[in-house]
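Engineer: Give the three-dimensional model of this entry:
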Amino acid sequence: MTQGEVRELVWNALAQHRAATYPTPPHGHHPNFVGASRAAERLMGLRLWQLATVILAGPDQVLKPLREAALKSGKIVLMPHPDKAGRYLSLEGLLPHQLKRVREVAQLGKPIELKETTIDLVLVGSVAVDEQRHWIGKGYGFPYKDLQVAAPWVTLAHTLMIFDELPCPPERRVDLIATPHQIIGV
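Structural biologist: The predicted structure follows:
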């Protein structure tokens, strides 16, 4: 299988089993899914999350509860600029209710250089992962293929998104996968 075929398989399974939530259909996205809030809670219970002070988070809907919780707890949240690839914004000082729309973040966030920032945790959406923590994203956008951040990479996944072993080469590897039922990784 190709990465594209794996994406289609997962998106179709989420749609067929009504496991995808807004935005739907899940095709073309790092899907939001039923149980994502439980997976986020599981992640937030970990020491890895609790010790992180600066978090780089993707703009995906599935990660929104984590971005909001991070801001509420005083963490610094960085996000990719929604219109300028390779540019980033700091959401420091913003309130969670100001994050309703990604486009508004572009107006409210402050430009920041990642090279000048120590990041403690990277949150990314996913389309498919496996038990070895191999990862496939939506195929474009954040995280950019050349993005190198020396911090743990974490994603949320529904059971339908998890393979024993991906049937194609992964795009990258993540350090931890949080699901509604378990944590995969250290």
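Engineer: So what's the gap between stretch 175-184 and the chain middle?
Structural biologist: 13 Å (C-alpha atoms, centre = their mean, to the nearest Å).
Engineer: in the chain, which spans are helices?
Structural biologist: Taking DSSP state H as the test, the helices found in the chain are 3-16, 36-44, 47-51, 64-72, 102-108.
Engineer: Compare these and give me the one nearest Asp83.
Structural biologist: Taking C-beta to C-beta, helix 102-108 is the member of those nearest to Asp83, at 6.0 Å. In this view, the C-beta of every residue, glycine as well, is placed from N, C-alpha and C.
Engineer: Now the closest one: average pLDDT?
Structural biologist: Average pLDDT, helix 102-108: 78.
Engineer: contact partners of that helix?
Structural biologist: With C-beta atoms under 8 Å, 6 or more residues apart in numbering as the test, helix 102-108 has contacts from 59, 79, 81-83, 89, 91, 94, 98-99.
Engineer: Can I get that helix as CSV, trimmed to CA atoms?
Structural biologist: The C-alpha trace of helix 102-108 is given here as CSV (Å, rounded to 0.1, in the frame of the first residue of the first chain):
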residue,chain,number,x,y,z
VAL,A,102,-7.5,29.3,13.4
ARG,A,103,-7.7,32.4,11.2
GLU,A,104,-8.2,34.6,14.3
VAL,A,105,-5.1,33.2,15.8
ALA,A,106,-3.1,34.6,12.8
GLN,A,107,-4.3,38.1,13.9
LEU,A,108,-3.8,37.6,17.6
